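Chemist: When you get a sec, could you give me coordinates for this:
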Amino acid sequence: MPSERTEVQVRPGAEGDLEALTEIYNHYVRETSITFDTVVFTPEERRPWLLSHPEDGPYRLMVATAADSQEILGYATSSPYRVKPAYSTSVETTVYVAPEAGRRGIGTLLYTALFEALAGEDLHRAYAGIAQPNEASTRLHERFGFRYVGTYREVGRKFGRYWDVAWYERPL
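Modeler: Down below sits the predicted model:
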């Protein structure tokens with residue numbers, strides 16, 4: 001388990017990160033309503049997702065690692081908002097932090113690096129859907145200038161109940 005004082009580095013994601021990134025994501029699939037995936041992934045099943053986030057362009061993957069051990073502490077992505085061409089200047093962003101690395105500012109470091117990387121891209125807006133309730137994610141997004149635009153009520157069913165998703169946007 002990383003200590004509170006571990007220095008953190010943020011870098012673009014790489015293929016060698018696939019297993020650790022899959023493990024982090026699967027925690028949220030199994031244990032939370034934060035993602036609406038309901039079945040865990042193998043690293044091989046997750047490979048197309050990783051490959052869809054190159055080191056340049058509007059769709060990025062940033063990874064936070066412990067400086068001493070290179071253990072992956074979390075990641076942030078920008079992904080296509082929707083597939084139709086008119087949406088090409090919009091991205092959906094998200095952050096996932098390893099469960100043992102929460103409440104240490106990892107999400108802030110990841111979003112800082114992600115938005116710096118996106119600054120030169122032909123993008124107009126970033127969107128984030130936050131399954132409710134999730135006060136920590138709401139605070140993180142508001143800290144980065146996201147503003148609430150509406151809620152899809154009972155849009156996802158997981159763990160035998162329906163969940164709302166609040167949508168936020170920010171200019172890029």
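
Chemist: in the protein, which spans are helices?
Modeler: All helices of the chain, identified by DSSP state H, fall at 18-31, 43-51, 106-118, 135-143.

Chemist: which of the ones you listed is buried the deepest?
Modeler: With neighbours taken as mean count of other Cβ atoms under 10 Å, these reach their highest mean count in helix 106-118, at a mean of 20. (Glycine included, C-beta is placed from N, CA and C.)

Chemist: What pLDDT is listed against the residue nearest to residue 172 when sequence neighbours are not counted?
Modeler: Nearest non-adjacent residue to residue 172, counting by Cβ to Cβ, 6 or more residues apart in numbering: residue 123, 4.4 Å away. pLDDT recorded at residue 123 is 98.

Chemist: Run through the residues that contact residue 98.
Modeler: Residue 98 sits next to 24, 27, 72, 73, 74, 106 when contact means Cβ atoms under 8 Å, 6 or more residues apart in numbering.

Chemist: Farthest-apart pair in those, please.
Modeler: The distance between the two most remote of those (Cβ to Cβ) is 14.2 Å, for 27 and 106.

Chemist: My guess is the residue nearest to residue 172 contacts residue 90. True?
Modeler: Yes - look at residue 123 against residue 90 with Cβ atoms under 8 Å: they come within range, at 7.2 Å.

Chemist: Turn the helices of the chain into CSV, including distance to residue 167 and mean pLDDT.
Modeler: What follows is those, written out as CSV (distance: least, Cβ to Cβ, whole Å; pLDDT from 0 to 100):
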stretch, distance to residue 167, mean pLDDT
helix 18-31, 19, 98
helix 43-51, 22, 97
helix 106-118, 17, 97
helix 135-143, 10, 97
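
Chemist: In TSV: the ones you listed, plus distance to residue 11.
Modeler: Listed next are the helices of the chain as TSV, based on distance: least, Cβ to Cβ, whole Å:
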stretch	distance to residue 11
helix 18-31	13
helix 43-51	14
helix 106-118	8
helix 135-143	20
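
Chemist: so which of those helices gets nearest residue 149?
Modeler: So among the helices of the chain, helix 135-143 is nearest, using Cβ to Cβ, at 11.4 Å.

Chemist: residues in contact with that closest one?
Modeler: 34, 95, 102, 103, 107, 108, 111, 128, 130, 166, 168, 170.
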